[in-house]
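Peer 1: Show me the folded form of this:
(2 chains)
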Protein chains: 2
Amino acid sequence: MTDDTEYMQMALKQAELAAQAGEVPVGAVLVLENGQVFSSNNAPISRHDASAHAEMRVIRAACAATQNYRLVGSSLYVTLEPCTMCAGCIIHARIGRLVYAASDPKTGAVKSLYQLLSDKRLNHQPQVTASIMADESSRLLKQFFKHCR
Amino acid sequence: MTDDTEYMQMALKQAELAAQAGEVPVGAVLVLENGQVFSSNNAPISRHDASAHAEMRVIRAACAATQNYRLVGSSLYVTLEPCTMCAGCIIHARIGRLVYAASDPKTGAVKSLYQLLSDKRLNHQPQVTASIMADESSRLLKQFFKHCR
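Peer 2: Residues are numbered from 1 along each chain as shown, chains lettered A, B, ... in the order given. Below is the predicted model of the structure:
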């Protein structure tokens, strides 16, 4: 098992926790340059916070722990393609690499609707790896939305 | 003085507080449908939080106070055109109306680089009013960056 699938597996566990709490199942893991690992799940409804996507929560947790608003050299694993809000925060935090699982044709801002992370007009372009364990993530999301209906 | 200039004046006061703390001078005011008012300033460095733009902080404060991840019918006043992160959060929070002062040709995501808030593919389009007290806001920003150099 590569590091990428290992960390994405952790992110998928977080996505499952989100689903159990009635939130859209998305999970994120952030690995700092020194190897320290943080994980969070999507929780806007339960946390009463429009910004509480998994990516935002894990970035905020890592910033707080390191007392630094930039996470240079870190890698972020997410089970779903980030939206414009999260892609923007990834740039602000200077995250080195983004790895995500499923694409999001409705709100994805990395490849689907917008390509924010490769926009040279913005002041940081992280490396991006897509489609790591995409099927597992899609299955979770489909199950969740089937139950909602 | 109209409500718009009155609230923008409050937002400019917040921008001044940001500058005094060594942060890029941006301020935000959020007015709920019931008239309740929140205000915040830009504080990523001092708060150790890449996401701590004025807009994000005021949205999170209002969400926490109302115990609701959506702020339907609210109006957001910001002294600078929001970036992709903040524009995305404005959509997630279902903010009814955005009023901003200065344009941001480098990272603005409402009119300058992107037009996220009028993108019909995304699931909410707030009303937007631009250029309210833009000169006052630009002056603060120019002063700040002049001191930085």
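Peer 1: Could you give the number of residues near the closest residue to A:Asn68 other than its chain neighbours?
Peer 2: Of all residues not flanking A:Asn68 in the chain, B:His48 sits nearest, at 6.1 Å (CB to CB, 6 or more residues apart in numbering or on different chains). For the C-beta atoms, the positions are set from N, CA and C on the backbone; glycine is no exception. Neighbours of B:His48 under the rule other CB atoms under 10 Å in any protein chain shown: 18.
Peer 1: give me phi/psi at B:His48?
Peer 2: According to degrees, to the nearest 10, the main-chain angles of B:His48 amount to phi 50, psi 60.
Peer 1: Quick check: buried residues in the one helix or strand in chain A whose mean pLDDT sits lowest?
Peer 2: Sorting the helices and strands of chain A by mean pLDDT, DSSP states H and E puts helix A:134-148 at the bottom, at a mean of 95. Neighbour counts over helix A:134-148 (16 or more other CB atoms under 10 Å in any protein chain shown) mark A:134, A:136-137, A:140-141, A:144 as buried.
Peer 1: for these, which one is nearest chain B?
Peer 2: Among these, A:Leu141 lies closest to chain B (CB to the nearest CB), at 16.5 Å.
Peer 1: Spatially, what comes nearest to the closest one if we skip its sequence neighbours?
Peer 2: Per CB to CB, 6+ apart, closest to A:Leu141 is A:Pro25, 6.0 Å.
Peer 1: contacting residues around the one you found?
Peer 2: A:Pro25 makes contact with A:15-16, A:18-19, A:41-42, A:79, A:140-141, A:144 under the criterion CB atoms under 8 Å, 6 or more residues apart in numbering or on different chains.
Peer 1: burial measure for A:Ala28, as a count.
Peer 2: 30.
Peer 1: make that A:Leu17, sorry
Peer 2: 17.
Peer 1: quick check, it in a helix?
Peer 2: Yes. Membership of A:Leu17 in a helix is supported by DSSP: H, G, I helix; E, B strand; the rest coil.
Peer 1: what sits against the nearest residue to it once chain neighbours are set aside?
Peer 2: Nearest residue to A:Leu17 in three dimensions, chain neighbours excluded: A:Asn41, at 4.9 Å (CB to CB, 6+ apart). The contact partners of A:Asn41, by CB under 8 Å, 6+ apart, come to A:14-15, A:17-18, A:21, A:23, A:25-28, A:54, A:57.
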